[in-house]
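**Q** Show me the folded form of this:
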Amino acid sequence: RNFVDQDWFTVCVQGPYEVVPNVPNRVVVSFDKCEITWKPPFLTPNADDDDDDDNKKTTNGGIVLDLSVLFDLRAFFNQGNKAGGWLETTFIDQDLRIGRGNRGSLFILTRDQTAVIP
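**A** Coordinates of the predicted model:
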C-alpha cells in the first residue's frame with residue numbers, strides 16, 4: 001500500500017507483486033486499488049447527502065473517491081492481463097533505494113526511519 005499525502009488530499013494505491021524468478025531484483029506489479037481522499041476543510045461531506053454512490057464514501061470527515069474500477073477496465077481491454085509493469089532495484093542500502101521501471105522511470109526513494117513500524 002502506497003500513500004501520497006498532499007495538503008488537500010491523499011492518494012492511496014495498492015496491489016500485489018511477484019518476484020521475477022530469473023531476475024531476483026525485479027518485481028512485476030499490478031495495482032487493484034486506487035482511492036483519493038479529499039481532506040477537510042477543503043471538501044467536507046454534507047450530513048444531509050443521501051447519495052448511495054458506491055464509488056464515494058466518507059472517512060475521517062473527508063470524501064473518498066474509489067477509482068479501483070479503472071484497473072479492472074484496463075485489464076479487460078488488455079485481454080485479462082492485470083500486470084501493470086515491473087520495477088527493478090538497482091541500488092539499496094539502509095536509507096536509499098534506486099530503481100527503474102519498465103517504461104524507463106527512475107525511482108529514488110528515501111526511508112523515513114520514524115515511519116518504520118517494527
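**Q** For the rest of this, base every contact and every neighbour count on C-alpha atoms.
**A** Will do.
**Q** Might one say that Y17 is in contact with R1?
**A** No. Because the distance of 11.1 Å does not satisfy C-alpha atoms under 8 Å, Y17 is recorded as not touching R1.
**Q** quick one, which of those two is more surrounded?
**A** A count of neighbours by other C-alpha atoms under 10 Å puts Y17 above the other of Y17 and R1, at 17 against 10.
**Q** contacting residues for that one?
**A** When contacts are counted by C-alpha atoms under 8 Å, 6 or more residues apart in numbering, Y17 is found next to V27, V28, V29, S30.
**Q** measure it to V23 for me?
**A** Distance of Y17 to V23, computed by C-alpha to C-alpha, to the nearest Å: 14 Å.
**Q** worst-scoring helix or strand of this protein, pLDDT-wise?
**A** The helix or strand of the chain with the lowest confidence, counting by mean pLDDT, DSSP states H and E, is strand 56-59 at a mean of 50.
**Q** Tell me the first helix or strand C-terminal of that one.
**A** Stepping forward along the backbone from strand 56-59, the first helix or strand reached (DSSP states H and E) is strand 62-66.
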